[in-house]
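Enquirer: The amino acid sequence is not available; the structure is as follows:
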């Protein structure tokens, strides 16, 4: 596994036979500020992505050495979270401190950091604070059905983006969201006051509990 630190370095940890860990003495380097998030490629065993306070995202191939294969300016502020689409592995999302986030097509990235970044395919502005995580989920039929229902039943604010399926409320300092691996449509959210389990896909009869 990989671990990023506040000294701009990424360390490779490998399990040893005696239930301990061996840490590679030579870290992966390339960022100029604290590492905020690391994500393995969903399709390439030796490829991973990182983001940093320096506003950059790096794509690494562990077989090619300890420098990034691609390193580019993604945002003008601290990039605190990235999320690799596991169904469409060319898509990478990234979020920053001001609550905005972007989607990039990795096929359009240039290995030369000084070249214009043409990979940006979408940029979203709705949340007002930084993200803890944002996992991908795609279900076109479920999304269309939900939008049809909410258009009739919910008095949504005028600035509500069409991509937003629901507004999560009721927790203090929301930190992280994860889709349940076995139960379609179920989300677990963590916050400073506990965690919730909810199913926004069942909008009229939401299964919800607060722990």
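Expert: Received it, and whenever you're ready, just let me know what you need. Note that the coordinates shown come from a computational prediction; the quantities given were computed from them, not determined experimentally.
Enquirer: Okay, buried residues for stretch 77-94 please.
Expert: 78-85, 91-94 (16 or more other C-beta atoms under 10 Å). Any C-beta I mention is one placed from the backbone N, CA and C, and that applies to glycine too.
Enquirer: Quick check: chain neighbours aside, which residue is closest to residue 98?
Expert: Nearest non-adjacent residue to residue 98, counting by C-beta to C-beta, 6 or more residues apart in numbering: residue 77, 6.3 Å away.
Enquirer: Quick check: the one you found touching residue 99?
Expert: No: Residue 77 is beyond contact range of residue 99, at 10.5 Å (criterion: C-beta atoms under 8 Å).
Enquirer: Now do the same contact list for residue 96.
Expert: Residues near residue 96 by C-beta atoms under 8 Å, 6 or more residues apart in numbering: 55, 75-80, 130.
Enquirer: And residue 51, by the same measure?
Expert: 35-37, 57-58, 74, 79-82, 94 are the contacts of residue 51 under C-beta under 8 Å, 6+ apart.
Enquirer: in which helix or strand would I find it?
Expert: Following DSSP states H and E, one finds residue 51 within strand 47-52.
Enquirer: Show me which residues of the helix or strand following that strand are buried.
Expert: Note on strand 47-52: by DSSP H and E, the next helix or strand toward the C-terminus is strand 56-61. Judged by neighbour count (16+ other C-beta under 10 Å), strand 56-61 contains these buried residues: 56-60.
Enquirer: cool, and stretch 33-53?
Expert: So, applying 16+ other C-beta under 10 Å, buried residues of stretch 33-53: 34-39, 41, 47-53.
Enquirer: which one among those residues gets closest to residue 108?
Expert: residue 49 (15.0 Å; C-beta to C-beta).
Enquirer: Hmm, that closest one is touching residue 82, no?
Expert: Yes: between residue 49 and residue 82 a contact is recorded at 5.7 Å, counting by C-beta under 8 Å.
Enquirer: Overlap in contacts, these two.
Expert: Joint contacts of residue 49 and residue 82 (C-beta under 8 Å, 6+ apart) are 39, 57, 92.
Enquirer: list the contacts for the closest residue to residue 47 other than its chain neighbours?
Expert: Distances taken as C-beta to C-beta, 6+ apart place residue 41 nearest to residue 47, at 4.0 Å, with adjacent residues excluded. Residues near residue 41 by C-beta under 8 Å, 6+ apart: 47-49, 84, 89.
Enquirer: For residue 41, grab phi and psi.
Expert: Residue 41 adopts backbone torsions of phi -60, psi 140, taken as degrees, to the nearest 10.
Enquirer: The one 4 residues further on now?
Expert: Geometry field for residue 45 lists phi and psi as phi -60, psi -30, criterion degrees, to the nearest 10.
Enquirer: for it, what are its contacts?
Expert: Counted by C-beta under 8 Å, 6+ apart, residue 45 has zero contacts.
Enquirer: mind listing which of the buried residues of stretch 77-94 are in strands?
Expert: Cross-referencing those against strands under DSSP state E gives 79-84, 91-94.
Enquirer: Among those residues, which pair sits farthest apart?
Expert: Farthest pair in these, by C-beta to C-beta: 80 and 91, 18.8 Å.
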